[in-house]
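Asks: Here is the input, now give the coordinates:
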Amino acid sequence: MPRYIIVGAGAVGAALGSRLGLVGRDVVLVARGDHLTALRERGLRLRTPDEDVTMSLQAIGGPEEIELDIDDVLILATKTQQANEALVTWTDAAVHHSAQAVGTAGGRLPIFIALNGVAAETIAHRYFRLVYGVCVWMPVVHLLPAEVIIRSTPRSGTLHVGRVPANHDDEDQALQQVALDLVAANFDVPLPDDVMLWKYRKLISNVGNVFQALVARNGDWRPLVTDAEAEARRVLDAAGIRYISEAEEAAARAAGFIIKPVPGVPASVGGSTWQSLQRGTRNIETDYLNGEIVMIAHR
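Replies: The predicted structure is shown next:
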């Protein structure tokens, strides 16, 4: 079985790592600052509508603290504005087999891009040969160090996964193994012919994140989201960029998880951009969400 190196063990990364760890997969969390310190001192706490568990998982600050193996899998779960730095940090890390160096992470290991937007896959191809996209549907909250909250049940989320660019290879062993492990870890894992169609559709939804984050409970931000999503569709259509239909997305969501309250977590908790502001990260991913639509329009 592969070992999973979660580069960026924040909301999505910690959720994936905790779920994989709970089903016995070997997981390494890559984090920094107070979050890394807390992970090392007290482990990772996972809260869901049905669970409250704390687990001890290996936590590191970077590739200098680990020896990579040929069977390792990297999962990038930073925000897009942090992706380039993370990819540069990991691409030249030595990969070993039978105690011998056999290459670098960028040349030998698959990397799965589990973050919003559609830019990180292109960024990753500058440094990694084997790139896979992950369209993440998972209502997850990360506000405190060493704690992650998944608000969905009975499955923890839906992860559309595929090679980028699409290659329709049924013998892709890395993809098949990762999909099996994620299913065992309580996720639904469709393998579409072109995962980027799903990521572009989610991009349309994500342009609303910034309005929720800025307005919150101080006004009705939904009309702004409606206008922004309509503009995003017009731009993508004018550029000839395909994305899945409303009907296909609705059918997939109807067959997936439901959101239920988590004890002690207020229903007013917002999405990923809101959470970044709440944590005081001093940077958000809007440039690669709304900004992606603006860039396509300018082109």
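Asks: wait, residue 191 sits on residue 163?
Replies: No - using C-beta atoms under 8 Å, residue 191 is not in contact with residue 163; the gap is 9.5 Å. C-beta coordinates here come from the backbone N, C-alpha and C atoms, glycine included.
Asks: Comparing those two, which shows the higher neighbour count?
Replies: Higher neighbour count among residue 191 and residue 163: residue 163, with 19 against 15, using other C-beta atoms under 10 Å.
Asks: if I pick that one, what's in contact with it?
Replies: Shown in contact with residue 163 (C-beta atoms under 8 Å, 6 or more residues apart in numbering): 130, 131, 132, 133, 169, 172, 175, 195.
Asks: Please look at residue 228 and residue 212 and confirm they touch.
Replies: No - assessed by C-beta under 8 Å, residue 228 is found out of contact with residue 212, at 11.2 Å.
Asks: Confidence-wise, which helix or strand of this protein is lowest on average?
Replies: Between all helices and strands in the chain, the lowest mean by mean pLDDT, DSSP states H and E belongs to helix 272-278, at a mean of 82.
Asks: Name the surrounding residues that touch that one.
Replies: 11, 79, 116, 141-143, 209-210, 212-213, 216, 269-270, 283-286, 289.
Asks: Packing partners of the next helix or strand after it?
Replies: Per DSSP states H and E, helix 272-278 leads on to helix 290-298 as the next helix or strand towards the C-terminus. With contacts taken as 3 or more C-beta pairs under 8 Å, 6 or more residues apart in numbering; DSSP states H and E, helix 290-298 sits against helix 222-238.
Asks: how deep is residue 295 tucked in, by neighbour count?
Replies: 13.
Asks: And it, how close does it get to residue 72?
Replies: The gap separating residue 295 from residue 72 is 33 Å, by C-beta to C-beta, to the nearest Å.
Asks: what do you get for residue 287?
Replies: 30 Å.
Asks: more crowded one of the two?
Replies: residue 72 (21 against 16).
Asks: residues in contact with that one?
Replies: 2, 3, 4, 5, 95, 105, 109 are the contacts of residue 72 under C-beta under 8 Å, 6+ apart.
Asks: Just the ones of those in strands?
Replies: Judged by DSSP state E, the subset of the contacts of residue 72 located in strands is 3, 4, 5, 95.
Asks: Could you report the neighbour count for the nearest residue to the first one once chain neighbours are set aside?
Replies: In space, residue 3 comes closest to residue 26 once its chain neighbours are excluded; the distance is 4.1 Å by C-beta to C-beta, 6 or more residues apart in numbering. Around residue 26 there are 16 other residues, counting by other C-beta under 10 Å.
Asks: Residue 26 touches residue 6, doesn't it?
Replies: No - with contact defined as C-beta under 8 Å, residue 26 does not count as touching residue 6 (11.3 Å).
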